[in-house]
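Undergrad: let me see the structure of the following:
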Amino acid sequence: MNDVAGRPPLDGKDLDAAVDHARAALAALLRGPGDGGETGRPERLAEARALLAALLERRVSLAAARMDERDAEAVAAARADRDEAIAVTGALLYWLPAGNAAWPEVALTLGRLSYDRYTDPWPGAEAPDPDDLDAACDLLLRGARYDDADERTTLYLFLALRDRQRLMACPKDATALMTWGERLLTFPDAGGLGQAGLHDMQELELLNRADSMARAGSRGPRGPRPMRLAAALP
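TA: Model (predicted):
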């Protein structure tokens, strides 16, 4: 699957034609003889899925950057591309062994797409699905390596963990949030949040974490007792 990343970036009609061609090629492979069309050619199927997923993700990214939110057809097309990209990438990840060299990058791609669907900013979006947020956090955490994670991946991880921590306070998520926040601070622009902005966000999350733990309290022999603020801080 290394040749997928090495392909020149496409745009406009060339990109649309490439998506149509990749989609047709994958469909032809799936219609072939054998066990679900996969027996004897799993590598070709993996390549076809990887190519289609990469092309769809690029088209969604370009559409998002140029989106006229008043254009209902453009919004619907971008959402359909994103849903298809998630389905195709999910099928690829399901097939790949965990030890495969391509697994981390595919997991990161699916994590980013899942978080983008969870945070859909366009008009008419459905209610955010917590399953998308869980998928984003879990896949990004499994696919990223702290020392090697780039700025984009680190930003996605920080934001996804922040959102899940707000939905359902979890000590592991809180710790991971602070860890990846520190990693994000190593980049000059802090993922577009800015150093000062990220510091403010981290302080707010620490305060929210402390407040949540204080309200939950701890249970002693005589019932609940409030926790100290210091116990909530690293």
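Undergrad: ok, which stretches of the chain are helices?
TA: Assigned by DSSP state H, the chain shows helices spanning 2-5, 12-31, 42-66, 72-95, 103-118, 130-143, 151-167, 171-185, 195-216, 229-232.
Undergrad: closest to Gly124 out of the ones you listed?
TA: helix 72-95 (7.0 Å; CB to CB). Every C-beta, even on glycine, is put in place using the N, C-alpha and C of the backbone.
Undergrad: would you mark the buried spots in that closest one?
TA: If you call a residue buried by 16 or more other CB atoms under 10 Å, then helix 72-95 has these buried ones: 75, 78-79, 81-82, 84-86, 88-93.
Undergrad: worst average pLDDT in the helices of the chain?
TA: Per-stretch mean pLDDT for these is lowest at helix 229-232 (a mean of 32).
Undergrad: can you redo the helices of the chain as CSV with distance to Gly124?
TA: Output for these, formatted as CSV (distance: least, CB to CB, whole Å):
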stretch, distance to Gly124
helix 2-5, 32
helix 12-31, 23
helix 42-66, 15
helix 72-95, 7
helix 103-118, 14
helix 130-143, 17
helix 151-167, 21
helix 171-185, 30
helix 195-216, 29
helix 229-232, 39
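Undergrad: ok, residues contacting stretch 100-118?
TA: Residues from elsewhere that reach stretch 100-118 (CB atoms under 8 Å, 6 or more residues apart in numbering): 1, 50, 53-54, 57, 60, 64, 82-83, 85-86, 89-90, 92-93, 96-97, 128-129, 132-133, 135-140, 142-145, 152-153, 156, 159-160, 163.
Undergrad: give me the domain ranges for this protein.
TA: 1-131, 144-234 (automatic domain parsing).
Undergrad: shouldn't Arg152 be in contact with Gly192?
TA: No - the pair Arg152 / Gly192 is not scored as a contact, 9.6 Å apart, by CB atoms under 8 Å.
Undergrad: can you select the buried ones from the contacts of stretch 100-118 in PyMOL?
TA: Only the buried members of these end up in this PyMOL selection, burial being decided by 16+ other CB under 10 Å:
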select buried, resi 1+50+53+54+57+60+82+85+86+89+90+92+93+96+132+133+135+136+137+139+140+143+144+153+156+159+160+163
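Undergrad: how much space between the nearest residue to Asp138 once chain neighbours are set aside and Leu93?
TA: With sequence-adjacent residues excluded and distances taken as CB to CB, 6 or more residues apart in numbering, Asp138 is closest to Gly111, at 7.7 Å. Counting by CB to CB, to the nearest Å, the gap from Gly111 to Leu93 is 10 Å.
Undergrad: list residues touching both of the two?
TA: Counting by CB under 8 Å, 6+ apart, the shared contacts of Gly111 and Leu93 are Leu139.
Undergrad: can I get the buried residues of helix 72-95 in JSON lines including distance to Tyr115?
TA: Converted to JSON lines, these look like this (distance: CB to CB, whole Å):
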{"residue": "Val75", "distance to Tyr115": "18"}
{"residue": "Ala78", "distance to Tyr115": "15"}
{"residue": "Arg79", "distance to Tyr115": "15"}
{"residue": "Asp81", "distance to Tyr115": "16"}
{"residue": "Arg82", "distance to Tyr115": "11"}
{"residue": "Glu84", "distance to Tyr115": "17"}
{"residue": "Ala85", "distance to Tyr115": "13"}
{"residue": "Ile86", "distance to Tyr115": "11"}
{"residue": "Val88", "distance to Tyr115": "17"}
{"residue": "Thr89", "distance to Tyr115": "13"}
{"residue": "Gly90", "distance to Tyr115": "14"}
{"residue": "Ala91", "distance to Tyr115": "19"}
{"residue": "Leu92", "distance to Tyr115": "18"}
{"residue": "Leu93", "distance to Tyr115": "15"}
